[in-house]
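Chemist: Need a 3D model of the sequence below.
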Amino acid sequence: MKKLFGILFFVSAMALFMTSCTKSSPGDAFKDYMELMKKGDANGFAQGFAVDETKSPEEQQQQAQLIEGLIGDKTKKMMEEKKGLKDVQILEETISEDGNEANLKVKFVYGDGTEEESTQDMVKQDGKWKMVFKK
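Modeler: Residues are numbered from 1 along each chain as shown. Prediction:
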């Protein structure tokens, strides 16, 4: 009986752990992507962008590499100029009725004390919230 209780406890704990690891809101996912950017993980950050699912896998890979290159260089320069990203705040989160698209109003607080408000569109792909690339 003790062994059964132990197994049930372990399974329950793992289910709770797995649930807490999944990001159910677009705002949480966006903050996670910003943490990757702060750490200088350009590849991880680029993986946070939605891919055009109408394109072939090769074209999707090219798109991801293009985003990584553009964002990596641009972001690194901006982070140096603004002395890093101190905080990201989600001011507003609007999710579509079907639950597959969202719009975030965010505030960035930089290391040099400046603040900037922006919007970010998000889309759910393969059950994960991804950022929509703005050209």
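Chemist: And the helix or strand hosting residue 118, how far out from the chain middle?
Modeler: In the assignment (DSSP states H and E), residue 118 maps to strand 115-125. When distances are taken as Cα atoms, centre = their mean, to the nearest Å, strand 115-125 is centred 10 Å away from the chain's centroid.
Chemist: same thing with stretch 60-71?
Modeler: The chain centre lies 16 Å from the centre of stretch 60-71; the measure is Cα atoms, centre = their mean.
Chemist: what does stretch 39-50 give?
Modeler: Centroid separation for stretch 39-50 versus its chain: 8 Å, with Cα atoms, centre = their mean.
Chemist: Regarding it, how distant is the last residue from the first?
Modeler: Across stretch 39-50, the terminal residues are separated by 21 Å (Cα to Cα, to the nearest Å).
Chemist: follow-up on the earlier one: which of the residues in the strand holding residue 118 are buried?
Modeler: For strand 115-125, a neighbour-count test (16 or more other Cβ atoms under 10 Å) marks 120, 122, 123, 124 as buried. To be clear about C-beta, it is placed using only N, CA and C from the backbone, and glycine gets the same treatment.
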